[in-house]
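Student: generate coordinates for the sequence data below:
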Amino acid sequence: MSKRPKPTYARDHCIYLDFEGEGRSKNRGSPPPHLAGVYRPKSFQWGNAHYKATFFKESWSSITRVRGACTYAPSIADFINGLLDEAEQNDQKIVYWSDYERAVVAEQCPEHLERFKANSINLLPTAKRYINRRRMTLNTEDDKVLNQYLRTLKPNAKTVKTPQIGAAESCRRTDAALAVHSRFKRWPLRTKQIFIALLAYNADDCRALFTLSKKLLKTPKTNQAQPEQKPTEDK
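Tutor: Numbers count the residues shown, from 1 in each chain. Modelled structure (predicted):
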């Protein structure tokens with residue numbers, strides 16, 4: 001049985017991860033995220049590019065029946081372990097932005113932290129080094145740091161549109177809606193819009209990571225084309 005061909009470029013062969021939740025605080029550290037978005041530019045399972053949101057709160061599990069590309073995972077540790085198994089099996093890297101994702105793993109499932117660090121890339125330090133080495137000026141027109149790097153390194157790329165209601169508040173409002181109405185169709189229209197905007201925002205963040213990686217991640221040496229060798233003559 002022949003093996004599946006691996007994607008040519010590192011950026012195509014990565015798993016792009018972005019958590020959404022109430023964020024870090026000095027008093028609470030990194031609380032469990034409400035969801036994780038995962039984008040695979042070339043998925044071994046689905047073939048083409050694929051985005052999927054995974055919910056971690058049990059009350060959110062009912063939403064998966066009405067929203068496509070969503071699933072529920074009762075354990076963050078099992079979710080992270082599954083991503084790591086996938087990355088190790090397929091020789092991939094998990095790519096994330098800033099330090100939030102690593103901090104979540106450190107606080108919610110520390111037993112997986114060393115594996116996570118070995119199989120992941122924090123793209124922000126990579127982007128900083130790229131700009132500093134080339135003495136580029138960061139475009140700070142946008143408050144969102146990810147967009148600043150997009151505008152600087154990929155000026156023609158689509159930036160991430162931040163929703164009017166931030167991610168943390170969107171999660172809190174979704175919790176409040178589920179406390180009253182477990183069925184999505186009974187939510188107030190405005191709450192539905194906020195929730196849908198949250199998922200769109202997460203998906204855009206994941207895809208923006210992929211866009212930046214086109215500039216920042218190199219082709220693995222194992223996948224680079226090797227120079228053709230001339231046959232030796234018999235003597």
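
Student: A127 and K215, how far apart?
Tutor: In this view, A127 and K215 are 8 Å apart by CB to CB, to the nearest Å. Every C-beta, even on glycine, is put in place using the N, C-alpha and C of the backbone.

Student: what's the neighbour count on D204?
Tutor: Residues near D204, counting by other CB atoms under 10 Å, number 22.

Student: element containing the nearest residue to A106 once chain neighbours are set aside?
Tutor: Distance criterion CB to CB, 6 or more residues apart in numbering; nearest residue to A106, sequence neighbours excluded, is L113 at 5.1 Å. Per DSSP states H and E: L113 is located in helix 113-118.

Student: I94 too?
Tutor: strand 93-96.

Student: pull out the buried residues from stretch 108-119.
Tutor: Q108, C109, H112, L113, R115, F116, N119 (16 or more other CB atoms under 10 Å).

Student: residue contacts, R207?
Tutor: Counting by CB atoms under 8 Å, 6 or more residues apart in numbering, R207 makes contact with Y16, Y39, Y51.

Student: wait, D99 touches S120, no?
Tutor: No: contact criterion CB atoms under 8 Å: D99 and S120 do not qualify, at 11.3 Å.

Student: among the contacts of R207, which ones are buried?
Tutor: Using 16+ other CB under 10 Å, the buried ones in the contacts of R207 are Y16, Y39, Y51.

Student: on that earlier part again, list the pairing partners of the strand holding I94 within its sheet, with orientation.
Tutor: strand 14-20 (parallel), strand 120-122 (parallel) (DSSP bridges).

Student: who does the helix or strand following it touch, helix- and strand-wise?
Tutor: Downstream of strand 93-96, the next assigned helix or strand under DSSP H and E is helix 100-108. Applying 3 or more CB pairs under 8 Å, 6 or more residues apart in numbering; DSSP states H and E, we find helix 100-108 packed against strand 14-20, helix 76-89, helix 113-118, strand 120-122.

Student: so how far is the first residue of stretch 134-154 from its last?
Tutor: Separation of the first and last residues of stretch 134-154 by CA to CA, to the nearest Å is 15 Å.

Student: the residue lying closest to P163 once chain neighbours are set aside and Y39: what is the separation?
Tutor: Computed as CB to CB, 6+ apart, the closest residue to P163 that is not its neighbour in sequence is A197, at 4.2 Å. Separation of A197 from Y39 (CB to CB) stands at 18 Å.

Student: right, and D205 touches D18 too?
Tutor: Yes: counting by CB under 8 Å, D18 is a contact partner of D205 at 4.6 Å.

Student: settle it for me: which of the two has more neighbours?
Tutor: Using other CB under 10 Å, the more surrounded residue of D205 and D18 is D18, with 27 against 23.

Student: need the pLDDT of the more buried one.
Tutor: Looking at D18, its pLDDT is 98.
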